[in-house]
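Engineer: pasting the structure only:
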DNA sequence: CTTGATTATGCAACAATGTTGCAGCAAAGA
DNA sequence: TCTTTGCTGCAACATTGTTGCATAATCAAG
């Protein structure tokens, strides 16, 4: 897997550095979206600023996307394969569990077609769902 | 109008203070959502912490709601009349213009019914649209 | 109109997050 | 191995979020 991550980075024209490999690997192994605090907790000793820039770079390259969930914290999740540097395709829903505070991408749910006044040009649409997830229900 | 704002505050069981009147008045006169920085710029000399608490209070009482727009900044807008302390009804879309960075509520657009896996209990749903608004198109 | 109970304000202080500049170091290809 | 290019980590600072506390203002009762 070490090799896979390396290849992945290379395919995005990014250098394989320890930080990037760790962060990317963490995203691959995690099923929910991750905030900076989460990542810093998982990867001890990681530099705050380097992480900030790593996430920014990954986002620009289309490796990860922001998972806006209304929690006020910026979270990120792996993009689906159609994302690229030039176009993000994160038009799926994000579900935020208010109990465990985890956010997951729901790739199966895409944002329905919306009827908009002509005055507005829509470039992207996102759907935020919140409630309680399976694990948090009794 | 001075009187109207006062009455409005009273109807929410809030004391009429200069700060609250100013902030509420600003919301009434503004057609788009406002972030803390916007408000501080408009109302010079306003105390940062007081503003923070004022917004929190207004939100709790159902006077304003957060307009999440993916910009990373928390913005607020007036609630429609159906909101109360106990239930927010901000299930309309928010449109974020990436050029002028203004966010507007689109009360006419409600979030469509979504088909969700049984595992999840949805408590609320929000729709974020972004692109360019009328003014920012040439 | 005064007064007293209650609530709001503003300051201090701190945490978390976002952001840039820069010097030194590491990666990738020649 | 060397050189170029890009990444890292530190310093430094801005913005936002948040709580405690003493003082001041509001509002209703008298």
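Structural biologist: Nice, thanks for sending it over. Keep in mind that this is a model prediction, so the values were computed, not measured.
Engineer: from now on I want contacts and neighbour counts done on CA atoms only, so please keep to that.
Structural biologist: Fine.
Engineer: now the longest helix seen in chain A: how far from the chain's centre is it?
Structural biologist: Taking DSSP state H as the criterion, chain A has its longest helix at helix A:48-61. Offset of helix A:48-61 from its chain centre (CA atoms, centre = their mean, to the nearest Å): 12 Å.
Engineer: near chain B at all, that helix?
Structural biologist: No: residues of helix A:48-61 contacting chain B under CA under 8 Å from any CA of the partner chain: none, with a closest distance of 13.6 Å.
Engineer: hmm, residue A:33 is touching residue A:76, no?
Structural biologist: Yes: shown here, residue A:33 and residue A:76 form a contact pair, counting by CA atoms under 8 Å, at 5.2 Å.
Engineer: in chain A, mark out all the strands, start to finish.
Structural biologist: Secondary structure of chain A by DSSP state E: the strands cover A:34-35, A:64-66, A:75-78, A:92-97, A:103-110, A:121-132.
Engineer: for the ones you listed, which one ends up most surrounded?
Structural biologist: strand A:92-97 (a mean of 26; mean count of other CA atoms under 10 Å in any protein chain shown).
Engineer: in its sheet, what does it sit against?
Structural biologist: Strand A:92-97 has its sheet partners listed here by DSSP bridges as strand A:103-110 (antiparallel), strand A:121-132 (parallel).
Engineer: export these to CSV and tack on distance to DNA strand D and mean pLDDT?
Structural biologist: Formatted as CSV, those follow (distance: least, CA to the nearest atom of the strand, whole Å; pLDDT from 0 to 100):
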stretch, distance to DNA strand D, mean pLDDT
strand A:103-110, 18, 86
strand A:121-132, 18, 90
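Engineer: what's the closest of those strands to residue A:138?
Structural biologist: Proximity to residue A:138 (CA to CA) singles out strand A:121-132 among these, at 10.2 Å.
Engineer: contact partners of that closest one?
Structural biologist: Outside strand A:121-132, the residues that touch it by CA atoms under 8 Å, 6 or more residues apart in numbering or on different chains are A:68-70, A:90-99, A:111, B:120-133.
Engineer: got any ranges where chain A has weak pLDDT?
Structural biologist: Along chain A, the parts satisfying pLDDT under 70 run over A:1, A:81-90.
Engineer: list the contacts for residue A:12?
Structural biologist: When contacts are counted by CA under 8 Å, 6+ apart, residue A:12 is found next to residue A:61.
Engineer: how about the longest helix of chain A: buried residues?
Structural biologist: Within helix A:48-61, the residues scored as buried using 16 or more other CA atoms under 10 Å in any protein chain shown are A:51, A:54, A:55, A:57, A:58, A:59, A:60, A:61.
Engineer: close to DNA strand C, is it?
Structural biologist: Yes: counting by CA under 7 Å from any atom of the strand, contacts between helix A:48-61 and DNA strand C involve A:48, A:49, A:52, A:53.
Engineer: check stretch A:67-80 too.
Structural biologist: Yes: using CA under 7 Å from any atom of the strand, stretch A:67-80 reaches DNA strand C at A:73, A:74.
Engineer: would you mind measuring the gap between the ends of that stretch?
Structural biologist: Using CA to CA, to the nearest Å, one end of stretch A:67-80 lies 13 Å from the other.
Engineer: got the residues of chain A near chain B?
Structural biologist: Counting by CA under 8 Å from any CA, chain A sits next to chain B at A:68, A:70, A:72, A:74, A:109, A:112, A:114-116, A:119-134.
Engineer: ok so, going back, overlap in contacts, residue A:33 and residue A:76.
Structural biologist: Shared contacts of residue A:33 and residue A:76, defined by CA under 8 Å, 6+ apart, comprise residue A:67.
Engineer: residue A:66 against residue A:75, yeah?
Structural biologist: Yes: in this structure residue A:66 lies within contact range of residue A:75 using CA under 8 Å: 5.6 Å.
Engineer: check the burial of residue A:8 by counting its neighbours.
Structural biologist: The number of residues packed near residue A:8 is 15, by other CA atoms under 10 Å in any protein chain shown.
Engineer: whoops, I mixed them up, residue A:135
Structural biologist: Quick note: residue A:135 (other CA under 10 Å) scores 11 neighbours.
Engineer: what does residue A:99 give?
Structural biologist: When neighbours are counted by other CA under 10 Å, residue A:99 registers 13.
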